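J.: got a predicted model here, sequence first, then my questions.
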Amino acid sequence: MTYTVNCSILLTELPLLERPAAAKAAGFDAVEFWWPFETSVPADSEITKFENAITDAGVQLTGLNFNAGNMPGGDRGLVSWKGRCSEFKDNIDVVAGIGERLCCKAFNALYGNRQDEFTPEEQDELAVKNLAAAAEGVARIGGTVLLEPVSGAPKYPLLTADDALKVIARVKAESGVDNIKLLADFYHLAVNGDDVQAVIENHAKDFGHIQIADNPGRGAPGTGTLPLGEWIARSRELGYEGYIGLEYKEPQETAFSWAIRERVSN
Ligand SMILES: O=C(O)C(=O)CO
């Protein structure tokens with residue numbers, strides 16, 4: 001089983017740059033991050049510090065989110081955000097540069113919240129163009145753009161797998177890119193009332209990435225009621241070969257107890 005530790009939501013007791021080493025010390029070889037900087041184009045020195053934290057820890061960066069705005073303040077992406085288009089575009093090269101240097105190939109582009117002053121159509125129009133630009137930008141390093149339905153953000157319009165798949169189909173049809181895929185976060189899908197089992201049956205082989213957390217609570221596997229083990233196993237049977245992102249909230253002390261139990265029992 002290949003897990004990747006989401007170091008933006010886990011190990012948060014530690015400074016960000018210490019988290020990759022802590023993930024390694026906990027027995028993992030791969031990490032993923034939400035955009036770890038304040039701006040779309042951070043200083044080179046900031047980027048180097050981030051990259052060194054990962055390479056020095058001896059872990060692989062498997063996924064990186066594009067700049068998504070002020071996430072603690074409620075922002076959930078720049079992709080459809082009218083007024084921040086140039087920031088998103090400028091971010092693409094920075095993301096691809098980090099990906100190139102660290103051999104990371106998966107880049108999550110959060111769609112963005114609805115803005116009251118624009119129609120959904122206007123925002124979707126922009127999103128389709130921005131997603132195509134992102135896909136073209138990471139294509140040069142063999143990268144894939146991921147699109148994720150998210151819960152807990154009242155104005156975020158992609159709630160189900162189908163919502164995201166429709167956007168993906170439109171981007172492909174209008175721009176001809178092929179390197180854009182669904183990020184199936186089983187927690188978000190379940191919270192939003194999607195039929196996760198059906199999503200797996202119909203789309204597992206096309207998932208660009210899987211992330212997990214249990215529900216209720218967005219905690220570690222086993223803290224809630226979701227059949228995460230079964231869903232992962234079925235996704236694998238149906239052809240999903242990628243990492244499983246551990247994107248849940250849990251104190252560092254107990255964050256990976258379930259994985260240790262799993263290793264011992266296997
Ligand atoms: O905003 C969230 O909860 C996410 O999962 C972002 O990737």
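T.: Right, received. Where do you want to start? Numbering: from 1, shown residues only.
J.: not counting sequence-adjacent ones, nearest residue to E87?
T.: Spatially, and ignoring its direct neighbours in sequence, E87 is nearest to S40 (4.5 Å; Cβ to Cβ, 6 or more residues apart in numbering). All C-beta spots, glycine's among them, are computed from the backbone N, C-alpha and C.
J.: oh sorry, the question was meant for V199
T.: Among residues not flanking V199 along the chain, A161 sits closest, at 4.4 Å (Cβ to Cβ, 6+ apart).
J.: right, and the one you found touches N192 too?
T.: No. Look at A161 against N192 with Cβ atoms under 8 Å: they stay out of range, at 9.5 Å.
J.: who touches both of these two?
T.: Shared contacts of A161 and N192, defined by Cβ atoms under 8 Å, 6 or more residues apart in numbering, comprise P149.
J.: got the buried residues for stretch 89-100?
T.: Using 16 or more other Cβ atoms under 10 Å as the test for burial, stretch 89-100 gives 89, 91-92, 94-96, 98-99.
J.: that should have said stretch 112-126, apologies.
T.: Going by 16+ other Cβ under 10 Å, stretch 112-126 has these buried residues: 112-114, 118, 123-126.
J.: distance from that stretch to the middle of the chain?
T.: Remark: stretch 112-126 is offset 22 Å from the chain centroid, using Cα atoms, centre = their mean, to the nearest Å.
J.: list the contacts for the residue nearest to E87?
T.: Listed by Cβ under 8 Å, 6+ apart, the contact partners of S40 are 67, 78, 87-88, 90-91, 94.
J.: burial count for the closest residue to the ligand within the chain?
T.: When scored by Cβ to the nearest ligand atom, the chain has V150 as its residue closest to the ligand, at 5.1 Å. By other Cβ atoms under 10 Å, the residues close to V150 number 23.
J.: that one reaches Y187, doesn't it?
T.: No. Counting by Cβ under 8 Å, V150 does not reach Y187; the two are 9.8 Å apart.
J.: okay, now N202: neighbour count?
T.: Here the count is done by other Cβ under 10 Å, and N202 has 14 residues near it.
J.: got it, and L147?
T.: Using other Cβ under 10 Å, L147 is surrounded by 26 other residues.
J.: same question for E253.
T.: E253 is flanked by 8 other residues according to other Cβ under 10 Å.
J.: assumed it was part of a helix.
T.: Yes. Counting by DSSP: H, G, I helix; E, B strand; the rest coil, E253 is part of a helix.
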